[in-house]
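Visitor: how does the following fold in three dimensions:
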Amino acid sequence: MASESRRIFHLSDIHFGLENNRALDWVKQEIADQQPDAVAITGDLTMRARQREFDAATRWINSLAAPVTVEVGNHDMPYFNPLERFFAPYRRFRGMAEKVERELDLGCLAIVPLKTAVRAQPRLNWSKGWVTDAALEKCLAAIDSLPAGRRALVAVHHPLREVGTEGTALTKHGEKALRELARRPVEAVLSGHVHDAFDIMEQTPEGPVRMIGAGTLSKRTRSTPPSFNEILWDGEALSVTVRNLEDVETRDMQIDDVPENALPPRHPGEPVAPVRQIPRVDPPVH
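Guide: Next up is the predicted model:
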């Protein structure tokens, strides 16, 4: 059992340009001290995809003393250069290119990426997620090629749950992706975007899928302080601890649902919403 245990640090929404340096220094030291088997960063490394923000993100990520995989967030797509957005949207990741959408083999577990940030989409709000057929097929092929008995953690930026009408769906084709993942040896889907942690079980016609969201490490907090998830695999199940500088208990750091409007407050001075509580989630039985 001990040989099968793994520790993963799940970070998200660092937002260099409005990063929380105290939190980043703390996380970097925790990685150096705890030596996790992997660090999964589920997108939004920057505020506006400016070159100086990517330069800062690259320096920090490349300095981490652990294997790292990075997802692309909607804030990481070029904002001010339409030509670059359409023809070279990942150019500014070049300093950490080997880490972007990187599959990590941890022996008993594998972290498999699923891209949800797209260059354009046929709705006004391009900040929302979209799972293309090509992205889903690539993810499923990677999962299907895993050795027998190996479990997968799927890393995305946007939570995959649809939240209502087609026009306001948080992630287009998210339900389709969840159904396909439910048919495979997926232990959980790791995401960011909403700036608060959560750990919920999503029911699909093909079975349940566990969805684990990380909070932010930026100054753009929503209802909880900056945090990251410490995920432990004991060979049979995952446990999640939300780590934060304020010593708030994990259950008090987790929201009870994924909000339809997943945008954090736009102004630093806005009041912070009260923290909501949820019951602990039991892992699915496979």
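
Visitor: mean confidence for the longest helix along the chain?
Guide: In the chain, with assignment by DSSP state H, the single longest helix is helix 21-34. Across helix 21-34, pLDDT averages out at 98.

Visitor: got a list of contacts for the following helix or strand past it?
Guide: Later in the chain than helix 21-34, the nearest helix or strand by DSSP states H and E is strand 38-41. Identification of contacts with strand 38-41 by Cβ atoms under 8 Å, 6 or more residues apart in numbering yields 6, 8-12, 14, 31, 61, 64, 66-71, 104, 106, 111, 153, 155, 190. No exception for glycine: its C-beta is placed from N, CA and C like everyone else's.

Visitor: quick one: strands adjacent to strand 38-41?
Guide: In the sheet, strand 38-41 lines up against strand 6-11 (parallel), strand 68-70 (parallel) (DSSP bridges).

Visitor: and stretch 245-257, what's buried?
Guide: Going by neighbour count (16 or more other Cβ atoms under 10 Å), the buried part of stretch 245-257 is 250, 253-255.

Visitor: buried ones among the contacts of strand 38-41?
Guide: Buried residues within these, defined by neighbour count using 16+ other Cβ under 10 Å: 6, 8-12, 14, 31, 61, 64, 67-71, 104, 106, 111, 153, 155, 190.

Visitor: on that earlier part again, can you put the strands paired with strand 38-41 in a markdown table and add mean pLDDT?
Guide: Formatted as a markdown table, the strands paired with strand 38-41 follow (pLDDT from 0 to 100):
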| stretch | mean pLDDT |
| --- | --- |
| strand 6-11 | 98 |
| strand 68-70 | 98 |
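
Visitor: want to throw those strands into a markdown table with distance to Gly129?
Guide: Listed next are those as a markdown table, based on distance: least, Cβ to Cβ, whole Å:
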| stretch | distance to Gly129 |
| --- | --- |
| strand 6-11 | 18 |
| strand 68-70 | 16 |
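
Visitor: looking at the ones you listed, which is nearest to Phe198?
Guide: Comparison of those against Phe198 by Cβ to Cβ identifies strand 6-11 as nearest, at 11.9 Å.

Visitor: next, the angle helix 21-34 makes with the closest one.
Guide: Relative orientation of strand 6-11 and helix 21-34, computed by axes from the mean of the first three to the mean of the last three Cα atoms, to 10 degrees: 170 degrees.

Visitor: in the stretch 1-150 of the chain, which spans are helices?
Guide: Chain-ordered helices for the stretch 1-150 of the chain, with DSSP state H, counting those that start in this stretch as the definition, fall at 21-34, 51-62, 82-87, 133-144.

Visitor: most tightly packed of the ones you listed?
Guide: Of the helices of the stretch 1-150 of the chain, the one with the most neighbours on average (mean count of other Cβ atoms under 10 Å) is helix 51-62, at a mean of 17.

Visitor: now it against helix 21-34, angle please.
Guide: 20 degrees.

Visitor: C-alpha coordinates for helix 51-62, CSV please?
Guide: Once non-C-alpha atoms are left out, helix 51-62 reads as follows in CSV (Å, rounded to 0.1, in the frame of the first residue of the first chain):
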residue,chain,number,x,y,z
GLN,A,51,4.5,39.0,-22.0
ARG,A,52,5.8,40.3,-18.7
GLU,A,53,3.1,38.2,-16.9
PHE,A,54,4.2,35.1,-18.8
ASP,A,55,7.8,35.8,-18.0
ALA,A,56,7.0,36.0,-14.3
ALA,A,57,4.9,32.8,-14.5
THR,A,58,7.6,31.0,-16.4
ARG,A,59,10.3,31.9,-13.9
TRP,A,60,8.2,30.8,-10.9
ILE,A,61,6.9,27.5,-12.5
ASN,A,62,10.3,26.5,-13.7
